[in-house]
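A.B. asks: need coordinates for the below:
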Amino acid sequence: MKKIYLVLTFLFLSLVLMSCGKSEKIKLVIGFWPENTETKDVAMYENWKAKFESDYPEYEIVGDHYAYNTTTVGSKYITGTLPHVFETWFTEPGKLVQNGYIRSIDEQLKELGWDQYMDESMKESITFDGKIYGIPRDGYGLGLLINTKTFVDNGLLDEDENHKAILYDEDGKPLYPTTFEEIYEASVIIAENTETKGILICSANKNGGWQFSNMAWNYGAELEIIEGGKVRANLASDEAVSALEWIRKMKQEDLLLNKPTVVYDEWYNAIEEKVAMAIVGSDVLQLAQTQGNVNMDDLAFLPMPTGDGTHHYSLYGGTPFVFSSEATDEEVIGILKFFEYIGRGPQITEISKDAMKIGNETAKAKNQPILPVISPWTNEEYVNYRKEMDNEYITIDMYYYQDFYSSIKNNKHPEVPYGAQEMYEYLDTAIQAVLTNPDTANCKNLLVTANTKLQTYLDEHVNK
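C.D. replies: Below you'll find the predicted structure:
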């Protein structure tokens with residue numbers, strides 16, 4: 001019996017020791033992992049994963065590509081398949097917080113000191129009840145993209161001795177369109193000489209309302225007003241009607257694409273020959289070359305035009321990283337550590353520098369144009385190093401982009417804070433009606449209808 005007891009005791013102690021030496025790793029599920037088809041990006045992330053896990057063996061990085069969608073985020077949360085961290089849009093965190101899908105990381109950010117380095121407008125978009133619910137990836141601004149070759153061919157711009165379009169006169173005054181009226185005038189000339197239309201105006205997938213909001217602001221509109229602690233929709237103001245009337249005039253004179261539904265993704269194929277201009281975000285300009293096969297040297301990216309001669313806003317949005325409410329404090333800390341290894345945190349170390357360089361080298365290997373980035377972090381060390389990276393890697397001629405990037409800081413205008421996606425959908429309907437029946441459409445009535453729908457949404461979901 002003693003022998004049996006000793007054997008059992010030995011086996012028990014062995015099992016205990018084995019289980020102690022086999023501690024579980026902390027899994028960090030990264031939802032912004034690239035798709036398998038993006039082989040160069042996957043290789044880059046695998047490289048970052050290996051370095052991180054080597055330095056932090058207690059963690060295991062699990063890649064799980066998730067493209068955020070308003071219709072899937074709820075079901076993924078309910079089924080427990082929402083990644084620990086994922087990307088969304090700056091219009092979304094409020095709803096995600098309200099529904100309990102994401103958690104605050106305020107305490108962890110303040111421990112690291114990251115909160116004081118964050119771009120203030122980006123931080124505001126992810127702060128609720130005084131707590132921060134994510135970190136910004138980057139920002140973008142809407143601007144006017146023009147095909148300079150089309151402008152030159154139609155006598156709207158001159159060329160220099162190197163056959164490059166001249167954007168400024170001798171006094172430095174812009175020769176490109178700076179108002180919506182000038183866009184109209186240029187479109188008329190282009191349409192008289194070619195089959196190319198003036199500008200691409202979106203009208204579907206919420207893209208139309210998104211861009212129209214910027215147009216309305218530049219006519220002087222204010223789309224939402226806070227009164228007595230409640231949000232009042234204001235889509236049918238005279239200024240907003242003027243913006244929609246401009247679209248109607250463009251359509252009446254056949255200066256837009258001949259279709260009632262136009263989505264944002266059409267711009268990079270249209271800008272070569274179908275249209276001379278498009279309203280585009282600074283974060284996707286490279287798609288003109290990578291998806292549309294347009295020579296980047298034939299394009300210029302300019303500040304958003306004004307409608308009333310006074311307002312020059314650029315809709316300013318971007319992408320935040322947010323954390324599932326199921327993520328533990330330990331997992332949040334691990335993910336924030338991983339951000340250093342992919343160059344997405346504010347700290348500048350040899351690790352983060354190497355990550356940024358790898359990111360740019362990967363873009364070069366993909367023959368992807370490299371443009372300036374609207375930085376999410378403001379600490380001097382980070383900003384200075386980003387400038388070094390820009391000087392080394394930017395592949396476009398900044399002469400054709402300088403006005404946009406030098407003005408965005410002063411011109412940026414955040415998206416409406418309440419019901420933005422719903423507002424965009426209601427405005428899409430109004431724009432489609434104008435594009436379908438420009439001769440009979442009543443712009444005021446269409447915007448009154450959109451306003452009523454938005455107010456109903458606000459009263460049901462915000463003004464409680």
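
A.B. asks: which helix or strand contains the residue nearest to Val373 when sequence neighbours are not counted?
C.D. replies: In this structure, Val373 finds its nearest non-sequential neighbour in Asp138, 5.6 Å apart by Cβ to Cβ, 6 or more residues apart in numbering. Every C-beta, even on glycine, is put in place using the N, C-alpha and C of the backbone. In this assignment (DSSP states H and E), Asp138 forms part of strand 134-147.

A.B. asks: tell me the SS of Pro320?
C.D. replies: strand (DSSP: H, G, I helix; E, B strand; the rest coil).

A.B. asks: for beta bridges, what are the partners of it?
C.D. replies: Pro136 (DSSP bridges).

A.B. asks: can I assume it is in contact with Phe90?
C.D. replies: Yes: contact criterion Cβ atoms under 8 Å: Pro320 and Phe90 qualify, at 6.1 Å.

A.B. asks: overlap in contacts, the two.
C.D. replies: With contacts taken as Cβ atoms under 8 Å, 6 or more residues apart in numbering, the residues that reach both Pro320 and Phe90 are 122, 125-126.

A.B. asks: take those and lay them out in CSV including pLDDT.
C.D. replies: Shown next, in CSV, are the shared contacts of Pro320 and Phe90 (pLDDT from 0 to 100):
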residue, pLDDT
Met122, 93
Ser125, 93
Ile126, 96
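
A.B. asks: now do the SS call for Phe323.
C.D. replies: strand.

A.B. asks: neighbours of it, how many?
C.D. replies: Close neighbours of Phe323, defined as other Cβ atoms under 10 Å, add up to 25.

A.B. asks: please apply the same query to the one 4 residues further on.
C.D. replies: For Ala327, the count of nearby residues is 21 (other Cβ under 10 Å).

A.B. asks: related to what we said a few turns ago, now, of the shared contacts of Pro320 and Phe90, which are buried?
C.D. replies: Buried members of the shared contacts of Pro320 and Phe90, counted by 16 or more other Cβ atoms under 10 Å: 122, 125-126.

A.B. asks: looking at those residues, which are in helices?
C.D. replies: The helices, defined by DSSP state H, take in 122, 125 from these.

A.B. asks: please, which helix or strand holds Val152?
C.D. replies: helix 148-153.

A.B. asks: may I see the shared contacts of Pro320 and Phe90 arranged in a markdown table, with distance to Pro177 as well?
C.D. replies: Output for the shared contacts of Pro320 and Phe90, formatted as a markdown table (distance: Cβ to Cβ, whole Å):
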| residue | distance to Pro177 |
| --- | --- |
| Met122 | 29 |
| Ser125 | 30 |
| Ile126 | 35 |
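
A.B. asks: now do the domain split for the chain, please.
C.D. replies: Residue ranges for the domains of the chain, per automatic domain parsing: 23-138+317-393, 140-315+403-461.

A.B. asks: any idea which of those is most buried?
C.D. replies: For the domains of the chain, the largest average neighbour count (mean count of other Cβ atoms under 10 Å) is found in domain 140-315+403-461, namely a mean of 19.
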